[in-house]
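Q: how would this look folded up:
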Amino acid sequence: MKTKLGLLAVLAVISAPAAAGTIDLGVASNYNAFVFGDYTTSGNSVSGALAIGGNANLNGNSIANNKANAYSLVIGGNLAQTPWGGSVNGNAWIGGTNSASQGYTISGHVDTAATTAAPVDFAAAKTYLTSLSSELSHVGATGSYAALDQYNQNSKVFTGSGANVEYFSLDASEFSSFNNLTFSSIAAGTTLIFNVAGDSATLGWQWQNLGSYNVLFNFYEATSVTINSVTLNASILAVNATINPGSGNLNGTVVANNWNNSVTLGNGGFAAVDSPLFAGVTAAVPEPHDYALLLSGLLVIGMVSVRRRKALNDR
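A: Take a look at the predicted model:
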């Protein structure tokens with residue numbers, strides 16, 4: 001009987017449902033923009049910090065670093081000349097040449113590749129974030145969207161299932177026709193994952209009603225994303241895309257391949273969340289209590305085996 005109980009304990013661990021995967025932007029969460037390649041802007045401001053894997057042209061740019069990162073600015077390549085000046089509140093790390101003019105002020109110290117190890121591993125981050133984008137794209141939609149009524153075909157109503165994480169599947173080609181978006185059966189604070197197909201997308205004024213939610217646009221196929229004429233409360237995962245010229249305000253984190261935009265980056269970000277529909281980027285590891293249950297089952301089996309051998313020897 002005890003042997004059976006031990007086996008049941010082992011089987012309970014083996015057959016236990018997989019833990020919910022965590023949707024998390026990882027190291028990119030520490031920055032308003034996390035760009036693997038080059039970053040070019042003109043005159044915009046950043047409330048948080050910037051991480052740039054390639055070269056940076058920050059003419060007239062100001063970085064507030066309101067999250068008090070160890071480095072307000074990380075540049076893997078070169079910092080170009082800045083005739084319009086600019087400012088960084090905090091420290092900077094520049095892997096290549098620093099050609100900024102005297103009008104570009106950095107309040108803290110400037111570290112280089114010759115003196116300090118790179119604070120960001122962009123290659124590892126790209127591997128992780130690419131996998132995250134791919135895995136999210138495979139999660140089926142839990143929510144739906146439809147026209148408001150027969151007279152307002154472009155006014156869309158997004159309806160949720162009541163879950164704390166809602167997934168929507170869209171095509172970027174539809175965005176231009178969207179108008180007056182509203183949300184139904186979705187509580188404030190809900191995480192909204194928009195998995196968006198298509199190699200080119202434009203986020204405009206239609207998406208301004210997202211302030212009550214934790215939002216991530218996953219442009220898993222995009223090579224081009226335009227953010228323009230919008231106040232957007234959302235984060236963007238577009239690992240292979242260039243962020244094209246545009247203006248407006250974005251409160252969140254943008255992950256992209258290259259950046260060529262003057263959008264003001266404000267307070268905000270994507271809050272990590274567990275979702276039972278998301279498998280996660282790496283294989284799930286059993287929780288400590290699962291290991292304890294497995295160990296107790298194996299101990300029971302071992303004790304029964306020892307007792308049986310002793311009983312046979314005493315005969």
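
Q: go ahead and confirm residue 27 touches residue 125.
A: Yes. In this structure residue 27 lies within contact range of residue 125 using CB atoms under 8 Å: 5.4 Å. Backbone N, C-alpha and C define where each C-beta goes, glycine included.

Q: between the two, which has more neighbouring residues?
A: Neighbours were counted for residue 27 and for residue 125 using other CB atoms under 10 Å; residue 125 has more, 20 against 17.

Q: so for the helix or strand hosting that one, mean pLDDT?
A: Using DSSP states H and E, residue 125 maps to helix 122-137. In this model, helix 122-137 has a mean pLDDT of 98.

Q: mind listing what's buried in that helix?
A: 122, 125, 126, 128, 129, 130, 132, 133, 135, 136, 137 (16 or more other CB atoms under 10 Å).

Q: what pairs with the helix or strand just after it, and is each one parallel or antiparallel?
A: As assigned by DSSP H and E, the chain's next helix or strand after helix 122-137 is strand 144-149. Under the criterion DSSP bridges, strand 144-149 sits next to strand 152-159 (antiparallel) in its sheet.

Q: count of neighbours near residue 215?
A: Using other CB under 10 Å, residue 215 is surrounded by 21 other residues.

Q: anything in contact with each of residue 27 and residue 125?
A: residue 34 (CB atoms under 8 Å, 6 or more residues apart in numbering).

Q: circling back to that earlier point, switch the buried residues of helix 122-137 over to CSV; also include distance to residue 201.
A: Converted to CSV, these look like this (distance: CB to CB, whole Å):
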residue, distance to residue 201
122, 23
125, 22
126, 20
128, 22
129, 18
130, 18
132, 18
133, 14
135, 20
136, 16
137, 14
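
Q: out of those residues, flag the one nearest to residue 211.
A: Comparing the buried residues of helix 122-137 against residue 211 with CB to CB picks out residue 136 as the nearest, at 22.0 Å.

Q: residue ranges for the helices of the stretch 1-150 of the chain, please.
A: Here the stretch 1-150 of the chain has its helices, by DSSP state H, counting those that start in this stretch, at 2-14, 122-137.

Q: which helices and strands does the last one pack with?
A: When contacts are defined as 3 or more CB pairs under 8 Å, 6 or more residues apart in numbering; DSSP states H and E, helix 122-137 sits against strand 21-23, strand 191-197, strand 214-218, strand 235-244.

Q: could you rerun that using 6 Å?
A: Packing partners of helix 122-137 (3 or more CB pairs under 6 Å, 6 or more residues apart in numbering; DSSP states H and E): strand 235-244.

Q: parallel or antiparallel, which strands does the strand it packs on pair with?
A: Strands that pair with strand 235-244, judged by DSSP bridges, come out as strand 214-218 (parallel), strand 224-227 (parallel), strand 254-260 (parallel).

Q: of these, which is nearest residue 83?
A: For the strands paired with strand 235-244, proximity to residue 83 was assessed by CB to CB; strand 254-260 is nearest, at 18.2 Å.

Q: since we're on residue 117, how many residues are nearby?
A: 8.

Q: separation between it and residue 97?
A: Separation of residue 117 from residue 97 (CB to CB, to the nearest Å): 19 Å.

Q: with residue 258 instead?
A: As for residue 258, its distance to residue 97 is 19 Å (criterion: CB to CB).

Q: so these two - more neighbours on which side?
A: Counted by other CB under 10 Å, residue 258 and residue 97 do not tie: residue 258 has more neighbours, with 20 against 13.

Q: residue 53 versus that one, what's the distance?
A: Distance from residue 258 to residue 53, by CB to CB: 10 Å.

Q: returning to what we had before: export the strands paired with strand 235-244 as TSV, with columns for mean pLDDT and distance to residue 200.
A: Output for these, formatted as TSV (pLDDT from 0 to 100; distance: least, CB to CB, whole Å):
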stretch	mean pLDDT	distance to residue 200
strand 214-218	98	14
strand 224-227	96	4
strand 254-260	98	14
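
Q: what's the closest of these to residue 246?
A: Here strand 224-227 is closest among the strands paired with strand 235-244 (CB to CB), at 5.0 Å.
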